[in-house]
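Enquirer: can't give you the sequence, but here's the structure:
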C-alpha cells in the first residue's frame, strides 16, 4: 500500500511539473513577468511586418506589436526573444508553451478563436487585409478567369489555401495548387516559373514584390478573394494575458485618436498630472482610475507603450507608410474618423 501511495504521489508531482500556466490557474502573464522576457512568435520573413535584417535585428509592424506588449508587461521593449515560426508551426507553439504569444500576420477566424477549434484568443485586429493574386505582367493574365487550368503557388495549412480553393470552386474554374510550407518557398516557386501566379494576403504580395529584382515586372490583380483581419493571438484559456494584450492594442489606437505620440507622451503626461480637470486623459495615462491594475499591468502601462513604439499610426507609417520600403495605403487601417475601421473603446 505504501508503495502504491508513493507511486501516486510521484505521478502527481510529475504531472504538476509539466502543467501549463492555465492548468495551474495561473497565467502566462505572470510567467512573462517572472522571466522578465517575452517570447514572441513571428514570421521573420515578411518585409514590413516581421523581417530579420542583415544586422540581426527584427523589424516590422508585427515586431513593434511585440515591443508594445513587452513594454506594457515588463517595462522594457527590448527584452524579447523572437521565435520565427512557419504557418504550420504557429498554433502548436502557443499550445505547447514554446511561445508566450503570437504576432505573426494571422487571420482572426471563428475556427481559430473557438474552443472547438484551435482554442486561441485574438487581440484586436492590427491590419485589415485581403487575399490577392500576383502574376508576371508579361503573362497576359488580367483576372481570375485567366487562371483557369493554371498552377498557383500557395502556402499550405493557411486560410489562403482554403480561400483560393473556395474562389475557384465558386467560379467553376479548375486549377492546380502548388503547395509550400512558408512564404519564402511560395515566392521561390513563383519566381522559378513553377506556377503562373502566387497567392497570399495582398500585404504579403506587396512585401514580397518589394524584394524582387524587377518589381515592376509583376502585378497584383484586382481580384480580392477574402477579408483577412490580422491579429495577435494567445492561448484561449488564459484570460489575464488576453485582457492585457487586448488593451495594449486599444491603447495604441486610442493614443492616435488623441494625438498622443512618442515625441509628446511625456509632455502629455505632465499636462495631465498638473491638471486635475483633464479626467479622461488622467485615466488613460494611469494617473487616476487604477485601470492598469484591472488588467494586471502597471497603471502607467500606456505611457510605457507609447514611449516605446509610438501610437498605431506611427508604427504603420514607420513600416508600411509611403516612404517605407513596403508602401501600402492605409485604407481600412485608418482611424474610424478618417475613413477606416480602427476604433478604441473608452478607457473608463
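Expert: Ah, there it is. Since we're looking at a predicted model, the values are computed, not measured.
Enquirer: following the helix or strand bottoming out on mean pLDDT in the chain, which helix or strand comes up?
Expert: Sorting the helices and strands of the chain by mean pLDDT, DSSP states H and E puts helix 2-18 at the bottom, at a mean of 42. Downstream of helix 2-18, the next assigned helix or strand under DSSP states H and E is helix 28-35.
Enquirer: and that next one, how far out from the chain's middle?
Expert: 20 Å (CA atoms, centre = their mean, to the nearest Å).
Enquirer: what's it in contact with?
Expert: Contacting residues not belonging to helix 28-35 are listed as 21-22, 38-39, 73-74, 97, 100-101, 234-235, 238, 240-241, 244, 296 [CB atoms under 8 Å, 6 or more residues apart in numbering]. Using the backbone N, CA and C atoms, a C-beta is placed for each residue, glycine as well.
Enquirer: farthest-separated two in the residues you listed?
Expert: Farthest-apart pair in the contacts of helix 28-35 is 22 and 74; separation 20.0 Å (CB to CB).
Enquirer: looking at these two, which is more packed in?
Expert: A count of neighbours by other CB atoms under 10 Å puts residue 74 above the other of residue 22 and residue 74, at 20 against 17.
Enquirer: that one and residue 226, how far apart?
Expert: Applying CB to CB, to the nearest Å, the value for residue 74 to residue 226 is 36 Å.
Enquirer: likewise residue 100?
Expert: In this view, residue 100 and residue 226 are 29 Å apart by CB to CB.
Enquirer: the more surrounded of these two?
Expert: residue 100 (30 against 18).
Enquirer: residues in contact with the more buried one?
Expert: 28, 31, 32, 38, 39, 40, 234, 241.
Enquirer: give me the nearest residue to it, chain neighbours excluded.
Expert: residue 39 (4.7 Å; CB to CB, 6 or more residues apart in numbering).
Enquirer: who does that neighbour form a beta bridge with?
Expert: Under DSSP bridges, the beta-bridge partners of residue 39 are residue 81.
Enquirer: in contact with it, which residues?
Expert: Contacts of residue 39 (CB under 8 Å, 6+ apart): 32, 80, 81, 83, 98, 99, 100.
Enquirer: so, low pLDDT: which residues of the chain?
Expert: 1-25 (pLDDT under 70).
Enquirer: for the longest helix seen in it, buried residues please.
Expert: Longest helix of the chain, by residue count under DSSP state H: helix 239-257. Residues 240-257 are the ones in helix 239-257 that count as buried (16 or more other CB atoms under 10 Å).
Enquirer: what lies in contact with the following helix or strand past that helix?
Expert: Following helix 239-257 in sequence order, the next helix or strand is helix 265-274 (DSSP H and E). Helix 265-274 has contacts (CB under 8 Å, 6+ apart) with 255, 260, 278, 281, 282, 285, 287, 303, 306, 307.
Enquirer: element containing the fourth one, please.
Expert: Following DSSP H and E, the helix or strand that holds residue 281 is helix 279-284.
Enquirer: what lies in contact with the helix or strand that that helix is followed by?
Expert: Using DSSP H and E, the helix or strand that follows helix 279-284 in sequence is helix 291-294. Residues from elsewhere that reach helix 291-294, judged by CB under 8 Å, 6+ apart: 283, 286, 298, 299, 300, 301, 302, 347.
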